[in-house]
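K.L.:
whatever this is, show me its structure:
(chains A, B, C and D)
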Number of protein chains: 2
Amino acid sequence: MTEAAEIGTRAAKNELHDAFAQVGKALANGHRIELLDLLAQGERSVEALASRAEISVALASAHLQALRRAGLVAARRDGNRILHRLADDDVYALLASLRTVASRLGEAERAAARFLGAPQEAVSRAELVARVRAGEAVVVDLRPADEFDAGHIAGALSIPLPELEARLAELPPDVEVVAYCRGPYCAMSPQGVALLERAGRRARRLEDGYPEWRLAGLPVESGGAR
Amino acid sequence: MTEAAEIGTRAAKNELHDAFAQVGKALANGHRIELLDLLAQGERSVEALASRAEISVALASAHLQALRRAGLVAARRDGNRILHRLADDDVYALLASLRTVASRLGEAERAAARFLGAPQEAVSRAELVARVRAGEAVVVDLRPADEFDAGHIAGALSIPLPELEARLAELPPDVEVVAYCRGPYCAMSPQGVALLERAGRRARRLEDGYPEWRLAGLPVESGGAR
DNA sequence: CAACTACTCAAACGAGGAGTAGAGTAGCAG
DNA sequence: CTGCTACTCTACTCCTCGTTTGAGTAGTTG
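P.N.:
Residues are numbered from 1 along each chain as shown, chains lettered A, B, ... in the order given. Here you go, the predicted structure:
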């Protein structure tokens, strides 16, 4: 029982702060940030993550292990694939908090402007619910099909961004199109909205993306395939 | 105008994620976590921070520069001292989120148990407000005097932990003592409560600490000296 | 302006992280 | 069992970070 003797000591204090810093270290690499963003869409295999993040499988594997060691990511085996997911909803809250702090300060703000383009007017979640109920809007999910299958806004149409131009006819006429994607730092819905407007459609993006919708407790569905 | 051409490109995406990771890097060191915790109590000089964190002034200076570069900390000159503070309240929210995620997972949980001792029953902020109003409790701030001066719970008594034993007589008799300190990962209030109970006083700690009280919008005061 | 206080900078070194390539392993399909 | 897919491990290089030490600078005090 060395426990009682250690309370309040400098050694124990350092260990505690170092333990918190372990989580900080997990957040200290751009590829890992991107992996967390991808994992917020649903569970995925190492290979799928590597190809989405455009890194080698070996590197993705190493980064995923780092995230697991820090407790941010959990994994389960499914046949010969290993599916990773965020350990719990608090992890997404942490990521959101990190990006909030980063994006209002300095370099990240400029990088976001460069990646996302000029800010567009967004529809709030509450407004979207009301407009869909009134038949005034259709919701389009621009993410890749497998992310749609892993979970999406109830009633949304899946049209991955690369297919959007060719599938414009599938969108019901005379209603506004509300597009969404992975989250506030995903370029797909700004790009989709720009494309729709060029095609003469009324279109806006949803504020944030699928993870925020789900965490707000709003209705979601998931497809069969995983 | 290269801007429009960059939207959605991999290069821009990597820059954005790297920019977020810069903030992660700032959180990737135990000393910097401790400095953020100290800065949440109010603005402080480099030397004061170094001595509280038990590191050299040169090292504290280097870490504070890293925090400033990441945008988490701001500084101003006052005579020949340089006073640092958290850049804004979101930074504390980020720190809180980091510790929440870390402490419910793995290593940090054990480190916290070792540093803080067995969990004690805490008084909620709402309950404390009610009990003080009813004259049933007295609030004691166990932090060093300068942190009390930089800001404290309105009506609290300042008795730094090392002086508590000698100053027991200053506490009004027959009411419960509620002790608080820097936050949920500060060992002073658990130690203070244990000391008070050994001295035969009814005592509990306040949930969390001064930063959370202030951010909850509850009444605070600050002394003249800075 | 001399001496002092408070802080920063430069150099140096060890430790650990990022990334790549290639070999190795677990589970499945035939 | 063979071959395949999906993932992990090892070894290696390069680079960045943490820390100490000693010198340097801004501002203040007498």
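K.L.:
report how many residues lie close to A:P160.
P.N.:
19 (other C-beta atoms under 10 Å in any protein chain shown). For every residue, glycine as well, the C-beta is placed using N, CA and C.
K.L.:
again but with A:A154, I slipped
P.N.:
Counted with other C-beta under 10 Å, A:A154 comes out at 12.
K.L.:
run the contact check for the host helix or strand of A:S51 versus DNA strand C.
P.N.:
Element membership for A:S51 (DSSP states H and E) is helix A:46-53. No: Helix A:46-53 lies out of reach of DNA strand C by C-beta under 7 Å from any atom of the strand, never closer than 10.0 Å.
K.L.:
does chain B sit close to that helix?
P.N.:
No: judged by C-beta under 8 Å from any C-beta of the partner chain, helix A:46-53 and chain B are separated, with a smallest distance of 9.0 Å.
K.L.:
residues of the helix or strand following that helix that come out buried?
P.N.:
Using DSSP H and E, the helix or strand that follows helix A:46-53 towards the C-terminus is helix A:57-69. Residues A:A60, A:S61, A:H63, A:L64, A:A66, A:L67 are the ones in helix A:57-69 that count as buried (16 or more other C-beta atoms under 10 Å in any protein chain shown).
K.L.:
show me where pLDDT drops low in chain A?
P.N.:
The model of chain A has pLDDT under 70 over residues A:1-5, A:224-226.
K.L.:
A:G79: neighbouring residues, count only.
P.N.:
A:G79 has 7 nearby residues by other C-beta under 10 Å.
K.L.:
for it, what are phi and psi?
P.N.:
Dihedral pair for A:G79: phi 60, psi -130, per degrees, to the nearest 10.
K.L.:
in contact with A:R104, which residues?
P.N.:
Taking C-beta atoms under 8 Å, 6 or more residues apart in numbering or on different chains, we find A:R104 in contact with B:D90.
K.L.:
tell me how far it lies from DNA strand C.
P.N.:
23 Å (C-beta to the nearest atom of the strand, to the nearest Å).
K.L.:
repeat that for A:A108.
P.N.:
18 Å.
K.L.:
ok, that residue touching B:A19?
P.N.:
Yes: at 3.6 Å, A:A108 counts as touching B:A19 under the criterion of C-beta atoms under 8 Å.
K.L.:
from the middle of its chain, how far away would the helix or strand harbouring A:D146 be?
P.N.:
Assigned by DSSP H and E, A:D146 belongs to helix A:145-150. Its chain's C-alpha centre and that of helix A:145-150 lie 13 Å apart, by C-alpha atoms, centre = their mean, to the nearest Å.
K.L.:
can you spell out which helices and strands pack onto the very next helix or strand once past it?
P.N.:
Sequence-wise, the next helix or strand downstream of helix A:145-150 (DSSP H and E) is strand A:152-153. Where contact means 3 or more C-beta pairs under 8 Å, 6 or more residues apart in numbering or on different chains; DSSP states H and E, strand A:152-153 is packed against strand A:137-141, helix A:210-215, strand A:220-221.
K.L.:
send me the first one as PDB with only the CA atoms.
P.N.:
Below are the C-alpha coordinates for strand A:137-141, written out as PDB (Å, rounded to 0.1, in the frame of the first residue of the first chain):
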ATOM      1  CA  ALA A 137     -36.300  20.300 -48.600                       C
ATOM      2  CA  VAL A 138     -34.500  17.100 -49.600                       C
ATOM      3  CA  VAL A 139     -31.500  15.900 -47.700                       C
ATOM      4  CA  VAL A 140     -28.500  14.600 -49.700                       C
ATOM      5  CA  ASP A 141     -25.600  12.700 -48.200                       C
END
